[in-house]
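A.B. asks: I'd like to go over a predicted model; first the sequence, then the structure.
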There are 2 protein chains.
Amino acid sequence: METVSSSALAKAAGVKSSQLRKDLGYFGQFGTRGLGYSVEELLTAIRELLGRSQFQPVVLVGAGNLGSALLRYSGFEKEGFEVVAAFDAFPDSVVKLGISTPVLAIEEMLAFIRTKEVRLAILCVPAENAQEVTNDLVGAGVTGILNFSPSVLQVPDAVTVNNVDLAVELENLSYFVREE
Amino acid sequence: METVSSSALAKAAGVKSSQLRKDLGYFGQFGTRGLGYSVEELLTAIRELLGRSQFQPVVLVGAGNLGSALLRYSGFEKEGFEVVAAFDAFPDSVVKLGISTPVLAIEEMLAFIRTKEVRLAILCVPAENAQEVTNDLVGAGVTGILNFSPSVLQVPDAVTVNNVDLAVELENLSYFVREE
DNA sequence: TGGTGTGAAGTGGTTCACAGCA
DNA sequence: TGCTGTGAACCACTTCACACCA
């Protein structure tokens, strides 16, 4: 299988083929008319686009319930990300079973991030500490935050925040489920 | 604090006040001109709207890496959801440490969901089994699925799927981080 | 002929701006 | 006077439709 059509890709992704072609169009011309997209070329182009040519180190902050749960989840690795360290206010009380990532004291965070030049952070601290920790992360040089805490973070324009609120996701579903 | 203005709420939620007013407007008139919204009334109205007047039972399917991680996370409970059971193809090999939810064999799922009239499911099975399990869930009466598996699920119109793909979230960030 | 690339049309959601009411 | 409720204007994204090329 050398090439793939926009409609095949679109079907797999759950979108319309025109959508897919237009989206790719914003970044360049990757396909051949009448043929489709070269799987190989498209793959490297997208990898390049996403800045995923090489591994991205990630830190996780807040190894409480959700945080340590995510540390046990190895799904990030296979997508090219590596959680290089976790930080917690009370690293000694974190249950390390099944966790291979080092869990360090929050005081070591700034130096670690600066030294390793980490740009991505996964934030799992309680809402009341979220902004404070965010400020520290940004100060250390983090420019992308995956925020699992239920709070609206204030960050400079140069920093991107993606929010994942599991309770909100369930509430959302709950709305559609409520009517018989 | 009896009342709250749309702009205060909007600030807290990270949206514009006009947005918030319009959104509420789709469901009715909850505020008083010149005063704002009664905190008490708005709260009950929203609870009603979300179908959260009473507890919602939820099942979790696939207690592998991510699934068992979520079982240890107790964040759902406090938002009015209760994970009443988890199902896995190999329930005996699931590490139960820190998990109070019963982990049952997948064969028991259909009967359980029908008996308990569960409407919401959290799906954490591998992508290759996702569609098959989804069919079973829908057949059993589930109408809302929180899908953590990286796959596009085919479901009837009456069923709502919310997708949460942690790798995609990180990739998304990765794009914005890549440029200095 | 088949499938991309892309202007143009369509659609839905956001923001404005202000009338109207406590 | 202050703040909601809401039509109208605006904007961004989606879909269509077809020219163009391997």
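C.D. replies: On my side now, so go ahead.

A.B. asks: Tell me where chain A has strands.
C.D. replies: Per DSSP state E, chain A carries strands over the ranges A:3-4, A:31-32, A:36-38, A:56-61, A:81-88, A:103-105, A:120-123, A:144-147, A:160-163.

A.B. asks: So which bits of chain A are right by DNA strand D?
C.D. replies: Residues of chain A lying close to DNA strand D (Cβ under 7 Å from any atom of the strand) are A:15, A:16, A:18, A:19, A:21, A:22, A:23, A:32, A:33, A:34, A:35. For the C-beta atoms, the positions are set from N, CA and C on the backbone; glycine is no exception.

A.B. asks: For PyMOL, what selects the buried ones among those residues?
C.D. replies: To isolate the buried ones among the residues of chain A next to DNA strand D in PyMOL, judged by 16 or more other Cβ atoms under 10 Å in any protein chain shown, type:
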select buried, chain A and resi 21
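
A.B. asks: Identify the residues contacting residue A:91.
C.D. replies: A:63, A:103, A:104, A:105, A:106 (Cβ atoms under 8 Å, 6 or more residues apart in numbering or on different chains).

A.B. asks: State the distance from the residue nearest to it when sequence neighbours are not counted to DNA strand D.
C.D. replies: Of all residues not flanking residue A:91 in the chain, residue A:103 sits nearest, at 4.7 Å (Cβ to Cβ, 6 or more residues apart in numbering or on different chains). Residue A:103 sits 39 Å away from DNA strand D, taking Cβ to the nearest atom of the strand, to the nearest Å as the criterion.

A.B. asks: is it true that residue A:103 touches residue A:94?
C.D. replies: Yes. In this structure, residue A:103 is within contact of residue A:94 by Cβ atoms under 8 Å, at 5.0 Å.

A.B. asks: shared neighbours, these two?
C.D. replies: Common neighbours of residue A:103 and residue A:94 (Cβ under 8 Å, 6+ apart) are A:63, A:86, A:88.

A.B. asks: filter those down to the ones close to chain B.
C.D. replies: The subset of these within reach of chain B, counting by Cβ under 8 Å from any Cβ of the partner chain, is empty.

A.B. asks: As JSON lines, the residues you listed with neighbour count would be great.
C.D. replies: As requested, the shared contacts of residue A:103 and residue A:94 are arranged in JSON lines below (neighbours: other Cβ atoms under 10 Å in any protein chain shown):
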{"residue": "A:63", "neighbour count": "27"}
{"residue": "A:86", "neighbour count": "26"}
{"residue": "A:88", "neighbour count": "22"}
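
A.B. asks: Okay, buried residues for the longest helix belonging to chain A please.
C.D. replies: Using DSSP state H, we find that the single longest helix of chain A is helix A:127-140. Across helix A:127-140, burial judged by 16+ other Cβ under 10 Å covers A:129, A:130, A:131, A:133, A:134, A:136, A:137, A:138, A:140.

A.B. asks: so what's the residue nearest to the last one when sequence neighbours are not counted up against?
C.D. replies: In this case it means residue A:140. What sits nearest to residue A:140 in space, not counting adjacent residues and going by Cβ to Cβ, 6+ apart, is residue A:113, at 3.9 Å. For residue A:113, the contacting residues are A:59, A:121, A:137, A:140, A:141, A:142, by Cβ under 8 Å, 6+ apart.

A.B. asks: any idea how far residue A:113 lies from DNA strand D?
C.D. replies: Where DNA strand D is concerned, residue A:113 sits at a distance of 31 Å (Cβ to the nearest atom of the strand).

A.B. asks: how close does that residue sit to residue A:152?
C.D. replies: Per Cβ to Cβ, to the nearest Å, residue A:113 is found 23 Å from residue A:152.
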